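Here's my sequence, what's the structure:
(one chain, ligands or ions: 1)
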Amino acid sequence: MKAVVCTRYGPPEVLRLEEIATPVPRKIEVRIRILATAVTSSDCYVRGLNLSLAYRLMARLALGWNAPRQPVLGMVLSGEVDSVGPDARSFAVGQPVFGFNRHRFGTYAQYVCWPEDGLLATRPANLTDEEAAAIPYGGLLALSFLRKAGVRAGQRVLVFGASGAVGTSAVQLARHLGAEVTGVCSTANVDLVASLGATTVIDYTREDFTDRAERYDLIFDAVGRRKSTAALRRCRQVLAPGGACVSVDDGRPKLRREDLVLLSELATKGEIRPVIDRTFALDDIVEAHRYVDDGRKRGNVVVAVA
Ligand SMILES: NC(=O)c1ccc[n+]([C@@H]2O[C@H](COP(=O)([O-])OP(=O)(O)OC[C@H]3O[C@@H](n4cnc5c(N)ncnc54)[C@H](OP(=O)(O)O)[C@@H]3O)[C@@H](O)[C@H]2O)c1
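Next up, the predicted model:
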């Protein structure tokens, strides 16, 4: 099969399209024919290890010292079950699925074998594979942190970084949960964030949200602490009594299969929609990584695996 292989850590150019053996599903694994994947910000961290020294050392220990032990990167997929292991019972051959796996990787390829009990669910029938590949990463991360923060109907929630993969999901999910959402983003993304259901959108290039009189029950930093620290320095000043400021970088998210099923249902009902910035071909994976490395994508960057 065709796969993109990462043979060492480094810039996007370390990624190479190669022919490698097609994997065979073991015991409770299913093999998925991948039709679309996504280049996430996490993929770029794994490839480039552009992290602080302490995190880089931990990442090398976890992922492989000189190169990723699993050389085919990619955590997100949409496609169809192509073959099932001898003890796998949950999925049938031909079933359309989408999912996320932050430990096994392997989705920059035509096929991957994942355990059937992982973050894998039936793809929303109304979405194309490319659209479905734009749901799991931001959706699961946003749900995890919104739940951790205990978001409830009627709360005033501010999403800082409302235009990224996590941010566009957080705006839609917080609104779905009944919150009144304020999104913060740059000028080019104001209309997008409003279209996702934010009742107020603040352009941070023109205005500091902490200068406003509004108070918030939750401020969710969807950009990540390395970039958001300066902008959020004064965020506690605009918290309502009992309010909280939570970052997408606060600890490891709890990613749950039932949340993927929920995201599938919400997408089917049109309660959430995928936000795709650009779609690349698998052959153009280097260019896709360069684009995501810039840190300015709107929503998701999807890769069509024909
Ligand atoms: N805890 C975990 O285990 C975990 C796992 C995965 C990811 N994360 C974190 O989640 C973060 C977000 O991921 P993502 O994929 O959603 O990111 P993303 O899609 O790359 O987010 C990019 C958005 O951030 C905004 N942005 C970039 N630089 C900014 C700045 N200096 N100030 C304000 N806004 C800025 C940009 O919007 P504008 O152009 O509109 O400003 C852009 O749309 C990652 O960077 C990582 O820190 C954490």
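
Please count neighbours and contacts with C-alpha atoms only from this point.
Noted.

what does the stretch 101-250 of the chain put close to the ligand?
Selection of the stretch 101-250 of the chain residues close to the ligand by Cα under 6 Å from any ligand atom yields 161, 163-167, 185-186, 189, 222-224, 227-228, 248-250.

Buried by neighbour count, from the residues you listed: which ones?
161, 163-167, 185-186, 189, 222-224, 248 (16 or more other Cα atoms under 10 Å).

Out of these, which one has the weakest pLDDT?
Among these, Gly224 carries the weakest pLDDT, at 91.

shouldn't it be in contact with Asp249?
Yes. Counting by Cα atoms under 8 Å, Asp249 is a contact partner of Gly224 at 5.5 Å.

Quick one: the helices in the stretch 1-150 of the chain, in order.
In order along the chain, the stretch 1-150 of the chain carries the following helices (DSSP state H, counting those that start in this stretch): 41-48, 53-63, 129-132, 136-148.

Give the rounded mean pLDDT of the first one.
For helix 41-48, the mean per-residue pLDDT is 96.

Could you do the third one as well?
Average pLDDT, helix 129-132: 98.

picking that back up, now the two most distant members of the buried ones among the residues of the stretch 101-250 of the chain next to the ligand.
Asn189 and Val248 (19.8 Å; Cα to Cα).

what's next to stretch 97-111, contact-wise?
1-4, 22-23, 31-35, 37, 70-81, 112, 114, 118-123, 132-133, 136-137, 260, 282, 305-306 (Cα atoms under 8 Å, 6 or more residues apart in numbering).

Let's see which of those end up in strands.
Taking DSSP state E as the definition of strands, those contribute 2-4, 31-35, 37, 76-81, 112, 114, 119-122.

The closest residue to Ser169 other than its chain neighbours: how many residues sit nearby?
Excluding its sequence neighbours, the residue lying closest to Ser169 (Cα to Cα, 6 or more residues apart in numbering) is Gly139, at 5.2 Å. By the criterion of other Cα atoms under 10 Å, Gly139 has 26 neighbours.

show me the contacts for the closest residue to the ligand within the stretch 1-150 of the chain.
The ligand sits closest to Ser41 of the stretch 1-150 of the chain, with a gap of 4.5 Å, by Cα to the nearest ligand atom. Applying Cα under 8 Å, 6+ apart, we find Ser41 in contact with 292-293, 295.

Let me know which of the helices of the stretch 1-150 of the chain is the nearest to Phe91.
helix 129-132 (17.4 Å).

Please tell me how far the closest one is from the chain's geometric centre.
Centroid separation for helix 129-132 versus its chain: 13 Å, with Cα atoms, centre = their mean, to the nearest Å.

Repeat that for stretch 244-256.
With Cα atoms, centre = their mean, you get 13 Å for stretch 244-256.

Could you do stretch 208-225 as well?
21 Å.

repeat for stretch 142-161
For stretch 142-161, the distance to the chain centre is 16 Å (Cα atoms, centre = their mean).

For that stretch, which residues meet the burial criterion?
142-146, 149, 151-152, 155-161.

what does stretch 211-218 give?
215-218.

mind showing which ranges of the stretch 151-300 of the chain have poor pLDDT?
Judged against pLDDT under 70, the stretch 151-300 of the chain has no low-scoring part.

could you pull out the helices for it?
According to DSSP H, counting those that start in this stretch, the helices that the stretch 151-300 of the chain contains are 165-176, 190-195, 225-228, 257-269, 285-293.

Quick check, Asn189 in contact with Ser163.
Yes. Between Asn189 and Ser163 a contact is recorded at 6.3 Å, counting by Cα under 8 Å.

which residues sit in contact with the closest residue to Leu77 other than its chain neighbours?
The shortest distance from Leu77 to any non-neighbouring residue, by Cα to Cα, 6+ apart, is to Thr37 (4.5 Å). By Cα under 8 Å, 6+ apart, the residues touching Thr37 are 74-78, 107-108, 130, 133, 302-305.

Neighbour-wise, which one of those leads?
Leu77 (37 neighbours).

isn't it right up against Ala36?
Yes. With contact defined as Cα under 8 Å, Leu77 reaches Ala36; the gap is 5.8 Å.

shared neighbours of the two, anything?
With Cα under 8 Å, 6+ apart as the test, Leu77 and Ala36 both reach Ala133.

if we can go back for a sec, out of the buried residues of stretch 211-218, who's nearest Pro11?
With Cα to Cα as the yardstick, the closest approach to Pro11 among the buried residues of stretch 211-218 comes from Leu218, at 36.3 Å.
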